[in-house]
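Chemist: Just the structure for this:
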Amino acid sequence: MPHYYKRRWNQSRADRYDAWGHSWWLFETDDAFWPSRQIEIYDAGPVLFYHRDRLEDAYGGLSAAALDPDEFEPFRIDRTEFEREWANHKPLNDT
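Modeler: Numbers count the residues shown, from 1 in each chain. Now for the predicted structure:
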C-alpha cells in the first residue's frame with residue numbers, strides 16, 4: 001500500500017535554480033518507503049515531477065533513498081491530496 005507525505009523544504013537549492021526559492025516536496029512511497037512519485041513545488045512557480053519513468057533530468061531527480069517513516073510520520077497526507085497536486089500542476093520538466 002502506498003504512503004503519502006508533504007514536507008516543506010526551507011533551504012535553497014544552492015545551484016543555478018536557487019532563485020526558485022524554498023519548496024514543498026510531496027512523495028508517494030511503496031511499503032519500504034522508497035519514493036515512486038515525487039512533486040517539487042517551488043515558491044517562485046516552477047514545479048517538477050519525478051517518477052519511475054522519469055528518474056532524473058537537468059533539474060534533479062527522484063529521491064535515491066528510502067524515507068525514514070518515523071521522521072516523515074508528522075508529514076503524512078492522504079492519497080486524495082497527493083493526486084490533487086499531481087493533477088493540478090503542469091511540471092516544468094514534462095515532455
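Chemist: how about the CA coordinates for the helix or strand harbouring Phe27, as CSV?
Modeler: Using DSSP states H and E, Phe27 sits within strand 23-29. The C-alpha trace of strand 23-29 is given here as CSV (Å, rounded to 0.1, in the frame of the first residue of the first chain):
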residue,chain,number,x,y,z
SER,A,23,9.7,24.5,-1.8
TRP,A,24,7.1,21.9,-0.9
TRP,A,25,8.0,18.3,-1.6
LEU,A,26,5.4,15.6,-1.9
PHE,A,27,6.1,11.9,-2.0
GLU,A,28,4.3,8.7,-2.9
THR,A,29,6.3,5.8,-1.5
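Chemist: next helix or strand past that strand?
Modeler: Next along from strand 23-29, by DSSP H and E: strand 35-42.
Chemist: Let me know the outermost residue of the chain.
Modeler: Distance from the C-alpha centroid of the chain peaks at Arg16, with 19.0 Å (Cα atoms, centre = their mean).
Chemist: Quick check: nearest residue in space to Arg7, chain neighbours excluded?
Modeler: Phe75 (4.4 Å; Cβ to Cβ, 6 or more residues apart in numbering). (Glycine included, C-beta is placed from N, CA and C.)
Chemist: Many thanks, I have nothing further to ask.
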